[in-house]
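Provided below are the primary sequence and the corresponding predicted coordinates.
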Amino acid sequence: MDSDQPRPERLRFEEFDHKISQNGEARVRVVLMWGEQRFTGEATGVETREGAGRTAALAAIAAAEAVTEGRLSAELVGIKLVRAFDSWIVITALRAHSSERSYRLLGSS
């Protein structure tokens, strides 16, 4: 990123593409925006409810890591799908590492 431009406050989710192959494999592509720049992450996995959620999380992590240009790496600890109020809630746990410190992150959507 150009250091003369103000930094955007946060990553913005732009695009999500989920395809299923004939052999039951899920392929997910996630696009995140940082200012006007697009960052894409892709992952493949098993096409089950949990497998698709995990694959989507891995694609999102790959896109987020592309934003940091290697300064931050993240590892998916796990995801949990919870049914509540007639909807699915996804809880995601990550471990992230930079050169200065490590983070444990927990989020839901």
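Arrived safely. Since the model is a prediction, treat every value here as computed from it, not as a measurement.

Now do the contacts for Val28.
Applying CB atoms under 8 Å, 6 or more residues apart in numbering to Val28 gives the contacts 16-19, 42-45, 52, 55-56, 58-59. Every C-beta, even on glycine, is put in place using the N, C-alpha and C of the backbone.

Those in strands, which ones?
Taking DSSP state E, the ones among these that sit in strands are Phe16, Asp17, His18, Lys19, Glu42, Ala43, Thr44, Gly45.

The residues you listed, buried ones only, as a PyMOL selection?
This is how PyMOL selects the buried members of those, with burial counted by 16 or more other CB atoms under 10 Å:
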select buried, resi 43+45
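
now that we're looking at the residue most central in space within the chain, which residues does it contact?
The central residue of the chain, meaning the one whose C-alpha is nearest the mean C-alpha position (CA atoms, centre = their mean), is Ala60 at 1.8 Å. Residues near Ala60 by CB under 8 Å, 6+ apart: Val30, Leu32, Gly41.

Ok, Ala26 next?
Remark: with contacts taken as CB under 8 Å, 6+ apart, Ala26 is in contact with His18, Lys19, Ile20, Thr44, Gly45, Val46, Glu47, Gly51, Ala52, Thr55.

if you set the cut-off to 6 Å instead, what comes out?
Contacts for Ala26 were tallied using CB atoms under 6 Å, 6 or more residues apart in numbering; they are Ile20, Gly45, Glu47, Ala52, Thr55.
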